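In: Here is my input; please provide its structure:
(one chain, ligands or ions: 1)
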Amino acid sequence: MGRPGSDATSNPQAPYVSGRFTSAGNGPVPPPVIHYWDWQLRAACRGVDPNIFFAPDGETRNDRERRQRVAKSICQDCPVRQLCLNHAHAVGETYGVWGGYTELERSPRNRRGGSP
Ligand code: SF4
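Out: So this is what the prediction gives:
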């Protein structure tokens with residue numbers, strides 16, 4: 001195994017696929033190297049209010065469903081949707097809409113969102 005990120009130029013998802021960062025002692029989150037995060041620069045949600053993607057305290061069911069519909073509509077045509085979803089699965093994002101899927105849809109029990 002090479003050093004973390006050594007094959008990053010050939011496959012930006014490599015750290016997620018290999019799970020190498022899980023053995024770093026600080027979880028599966030990639031290091032603060034721009035290469036691992038630059039997909040976010042192409043995100044359709046850039047500049048969008050993050051409250052659309054994450055539930056505020058005390059959100060009602062109707063409000064949540066409405067908010068999630070808006071978030072999913074933004075994700076639908078996002079050019080980095082699959083990378084976003086891969087990231088959410090890889091680091092175990094437990095909150096928010098990522099890759100067009102809610103936290104409930106991404107949960108291991110439901111595991112929808114394998115491919116958007
Ligand atoms: S898939 Fe959705 S949450 Fe992910 S980067 Fe694109 S717009 Fe943002």
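In: C-alpha only now, for contacts and for neighbours.
Out: Noted.
In: Could you break this protein into its assigned domains?
Out: With domains defined by automatic domain parsing, the chain comprises 1-42, 46-116.
In: In terms of mean pLDDT, which of those ranks lowest?
Out: For these, mean pLDDT drops lowest on domain 1-42, to a mean of 55.
In: How about the secondary structure of A88?
Out: helix (DSSP: H, G, I helix; E, B strand; the rest coil).
In: quick one: contacts for the nearest residue to it once chain neighbours are set aside?
Out: Of all residues not flanking A88 in the chain, W98 sits nearest, at 6.3 Å (C-alpha to C-alpha, 6 or more residues apart in numbering). W98 is in contact with 53, 75, 81, 84-85, 88, counting by C-alpha atoms under 8 Å, 6 or more residues apart in numbering.
In: where's W98 relative to R81, distance?
Out: In this structure, W98 and R81 are 8 Å apart, going by C-alpha to C-alpha, to the nearest Å.
In: Just the helices from the chain, written as ranges.
Out: Per DSSP state H, the chain carries helices over the ranges 14-18, 34-37, 61-76, 81-91, 103-106.
In: Dump those to a markdown table, plus mean neighbour count and distance to the ligand.
Out: Listed next are those as a markdown table, based on neighbours: other C-alpha atoms under 10 Å; distance: least, C-alpha to the nearest ligand atom, whole Å:
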| stretch | mean neighbour count | distance to the ligand |
| --- | --- | --- |
| helix 14-18 | 17 | 16 |
| helix 34-37 | 14 | 11 |
| helix 61-76 | 16 | 4 |
| helix 81-91 | 20 | 4 |
| helix 103-106 | 19 | 12 |
